[in-house]
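**Student:** Prediction below, plus the sequence it came from.
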Amino acid sequence: MLDIEDLDVIVKEDGKKILNKLSLNIKAGEIHAIMGPNGTGKSTLSKVILGHYKYEVVGGDILFNGQSIKNLTTDERARFGIFLAMQDPITIEGLNNSEFLKTAVNEKTKEKVDLYSFIKELNELLGKLKLNQSIFHRSLNQGFSGGEKKKNEVLQLRILKPKLIILDELDSGLDVDSLKVVCENINEYLKDNTDTSVLIITHYPRILDYIKPNFVHIIKDGTIVRTGDMSLALQIEKDGYGSINNIEEAGLNA
């Protein structure tokens, strides 16, 4: 589904290189996790996949279902079914949350939304996400708590029904109960959409206890340096990223 080939990325403003010959292949239905310390390019990768204006791809390619998307706009990539749950969702004052969701569905499907079905689905999902109905009538993320922002991202995810879900530090700012709720909702969606793929960006393996990855990758200096299974994440949790050079010796997959 997603094939990243020898990706080189710089910051447009100063030419600083962030990603260096990074390659990653995600098949339909797979769950991948990327871990690494601060400043290694994890969140940059998620933004580059969606075409963030701040970055420029100077080498390599990004293929989605066999088609290059590196020259497409963000909205074009989103219409293909790529969804990014942001680490720090933005606030847009004056943009009604329910109108935002309805417009997003309209833009994706190019069909007029059936209001009865739309509202019924929203109400069901609010219950599952433990969100108050007042969230419909508030401006997008304005005055939302950290947990409400992340739950609202998952609400968008479930309404838009993407094919590739990117979770950029979803666990950031969430307490244990809220993390459990959002992960249960994502797992429920994946159970009903078995060909959907997930890319989890995280510092810590806590979220991986709830959303089980098929593969775990370690990123360092803008490139993936180790790939393994969940045991790789547990090794990092135990010994830290400083042990990365000893991972292979510890019997884990390289």
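**Tutor:** Thanks, I have it. Predicted model, so just to flag it, every value in this text is computed and none were measured. Numbers count the residues shown, from 1 in each chain.
**Student:** now for the longest helix along the chain, which elements pack on it?
**Tutor:** The longest helix of the chain (DSSP state H) is helix 176-192. Here helix 176-192 touches helix 115-129, helix 146-160, going by 3 or more Cβ pairs under 8 Å, 6 or more residues apart in numbering; DSSP states H and E. Quick note: C-beta positions are derived from backbone N, CA and C, even for glycine.
**Student:** now the helices: where do they sit in the stretch 1-150 of the chain?
**Tutor:** 42-49, 74-79, 97-109, 115-129, 146-160 (DSSP state H, counting those that start in this stretch).
**Student:** Restricting to C-alpha, output the shortest one in CSV.
**Tutor:** Coordinates of the C-alpha atoms in helix 74-79 are reproduced here as CSV (Å, rounded to 0.1, in the frame of the first residue of the first chain):
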residue,chain,number,x,y,z
THR,A,74,-2.3,17.4,0.7
ASP,A,75,-6.0,17.3,-0.1
GLU,A,76,-5.3,15.0,-3.1
ARG,A,77,-3.4,12.6,-0.9
ALA,A,78,-6.2,12.7,1.7
ARG,A,79,-8.8,11.9,-1.0
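**Student:** what mean pLDDT does it have?
**Tutor:** For helix 74-79, mean pLDDT is 92.
**Student:** Low-confidence stretches in the chain?
**Tutor:** In the predicted model of the chain, residues 244-254 satisfy pLDDT under 70.
**Student:** try 50 this time
**Tutor:** In the prediction, the chain carries residues with pLDDT under 50 at positions 247-254.
**Student:** you'd agree residue 203 is up against residue 169?
**Tutor:** Yes. Using Cβ atoms under 8 Å, residue 203 makes contact with residue 169 at a distance of 6.9 Å.
**Student:** Just give the nearest non-adjacent residue to residue 180, would you?
**Tutor:** Spatial nearest neighbour of residue 180, excluding adjacent residues (Cβ to Cβ, 6 or more residues apart in numbering): residue 210 at 6.6 Å.
**Student:** In contact with that neighbour, which residues are there?
**Tutor:** The contact partners of residue 210, taken as Cβ atoms under 8 Å, 6 or more residues apart in numbering, are 179, 180, 183, 184, 187.
**Student:** Emit the ChimeraX select command for whichever of those residues are buried.
**Tutor:** Remark: buried members of the contacts of residue 210, expressed as a ChimeraX selection using 16 or more other Cβ atoms under 10 Å:
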select :179,183
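**Student:** now, which of the contacts of residue 210 sits nearest residue 39?
**Tutor:** Nearest to residue 39, judged by Cβ to Cβ, of the contacts of residue 210 is residue 179 at 24.2 Å.
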